[in-house]
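Quick one, structure for this:
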Amino acid sequence: MQPCRAQGTYQGMQNLSAGFWGWQWAFAVLGIGAQAAAAMPVITALTLCMERHGQSALRIQGAYALTRLNIWLACLGPLLVTGDALLLLSGSGGTGALWAASLTNPAFLPYTTSVASWLAGIFCLLLYTQKHAAPPLPQRAAPNNKACIPDDALRRAQPGLRQHLILVCLAALCFFAARALPYWPFASLPQGMDFSRAATAVLSGAAHNFFAALSPAGAIALLALPVMRSLLPHTPSAIESEQTAARWCALWALAGYVPRCLDRWGVLLGFALRDGALPDWLALQALAQILLTLAIACWGILFGMRAPRRLYWLNGLALGLLAARESLPFLARLF
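This is a model prediction of the structure:
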């Protein structure tokens with residue numbers, strides 16, 4: 001769940017109209033896509049850095065496809081942040097004049113700077129796609145086993161790999177800033193906290209959230225893989241390349257949420273083992289952790305089974321579990 005939206009969801013939910021509340025519910029689910037967009041440049045950069053014999057064309061084309069997907073997903077970032085700002089304005093009876101006056105107001109700087117960071121990251125990705133034409137598919141050997149382009153030749157045929165990597169890394173930094181800036185106290189530092197301690201706290205929390213976002217990034221990349229599969233010839237080598245790409249996506253889908261899941265289970269077990277009455281929120285948090293654990297298990301099966309096509313439905317199930325987890329606060333209000 002996005003940082004700005006978390007404040008509006010849990011603190012102001014009781015005051016929202018039914019329609020606006022449903023809008024926030026939809027934005028909470030769409031936030032999964034924004035999380036994926038923030039971390040996807042990291043996967044793209046690591047894909048570009050991979051050096052595996054016979055896989056140069058696959059990694060170059062895979063990085064390009066991830067970037068195209070990343071641009072569309074990143075459009076959710078400014079949209080969701082703007083929605084959070086509109087929610088704040090509506091709660092305070094804001095008008096268009098107040099909105100114009102608030103763009104540089106310290107109370108609204110978390111929103112404006114976050115939107116600017118999202119747009120800067122999208123610009124870097126657009127530069128990447130402009131400088132890097134869609135790479136050709138690796139040529140297959142003819143039936144008589146002649147005239148197959150070596151992998152080294154394909155690698156040399158792709159100029160500017162370092163520049164492409166720099167653009168992707170810049171996009172990752174921009175998206176990291178977009179995730180961290182909503183936490184920064186622009187109005188004033190908390191009492192008793194200096195700049196260095198505030199920066200450490202904000203960056204530490206943002207880094208944990210950013211690493212966790214690798215899971216939806218890998219999952220949505222795996223969800224989009226069948227589109228790329230249709231572009232590849234149905235040959236044994238194409239099936240092997242697809243399986244390699246699917247397992248690579250499943251690896252990041254599995255890895256991102258594991259530290260957070262283990263940490264949250266430790267907290268919940270600590271509360272459960274204490275003497276006395278259990279907090280009211282414990283059951284809801286435990287259900288959320290069960291859904292997250294099941295999603296991780298789906299990605300673990302995909303990765304362990306080398307991500308065959310017949311198991312792609314597990315990734316869709318895992319994303320559905322994530323959407324259900326984001327919906328729990330809203331469903332709890334209904335019932």
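
Domain-wise, how is the chain divided?
1-139+150-194, 213-335 (automatic domain parsing).

Output those in JSON lines, with mean pLDDT appended to each entry.
Output for those, formatted as JSON lines (pLDDT from 0 to 100):
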{"stretch": "domain 1-139+150-194", "mean pLDDT": "76"}
{"stretch": "domain 213-335", "mean pLDDT": "85"}
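
Let me have these in JSON lines, adding distance to residue 204 and mean neighbour count as columns.
In this view, the C-beta of every residue, glycine as well, is placed from N, C-alpha and C. As requested, those are exported to JSON lines (distance: least, Cβ to Cβ, whole Å; neighbours: other Cβ atoms under 10 Å):
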{"stretch": "domain 1-139+150-194", "distance to residue 204": "10", "mean neighbour count": "18"}
{"stretch": "domain 213-335", "distance to residue 204": "13", "mean neighbour count": "17"}
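
could I get those as a markdown table with distance to residue 200?
Formatted as a markdown table, the domains of the chain follow (distance: least, Cβ to Cβ, whole Å):
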| stretch | distance to residue 200 |
| --- | --- |
| domain 1-139+150-194 | 10 |
| domain 213-335 | 19 |
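
Out of those domains, which is closest to residue 207?
Ranking those by their distance to residue 207 (criterion: Cβ to Cβ) puts domain 1-139+150-194 first, at 8.0 Å.

which residues does residue 299 contact?
Going by Cβ atoms under 8 Å, 6 or more residues apart in numbering, residue 299 touches 215, 218-219, 250, 253-254, 314-315, 318.

Phi, psi for residue 306 please.
Main-chain torsions, residue 306, degrees, to the nearest 10: phi 60, psi 30.

returning to that earlier point: what's the farthest-apart pair in the contacts of residue 299?
215 and 314 (13.8 Å).

ok, back up a step: in strands, which of the contacts of residue 299 fall?
The members of the contacts of residue 299 all map outside strands under DSSP state E.

from those, which is closest to residue 271?
residue 215 (24.5 Å).

so what's that closest one closest to, chain neighbours aside?
Spatial nearest neighbour of residue 215, chain neighbours left out: residue 256 (3.2 Å); criterion: Cβ to Cβ, 6 or more residues apart in numbering.

That neighbour is in contact with residue 218, isn't it?
Yes - look at residue 256 against residue 218 with Cβ atoms under 8 Å: they come within range, at 6.8 Å.

quick one: contacts for residue 185?
So residue 185 contacts residue 198 (Cβ under 8 Å, 6+ apart).

so how far is residue 303 from it?
Distance, residue 185 to residue 303, using Cβ to Cβ, to the nearest Å: 40 Å.

again with residue 131
Using Cβ to Cβ, one obtains 33 Å as the distance from residue 131 to residue 303.

got it, and residue 31?
Residue 31 is 25 Å from residue 303, by Cβ to Cβ.

what do you get for residue 211?
Using Cβ to Cβ, residue 211 is found at 17 Å from residue 303.

now residue 251
For residue 251, the distance to residue 303 equals 6 Å [Cβ to Cβ].
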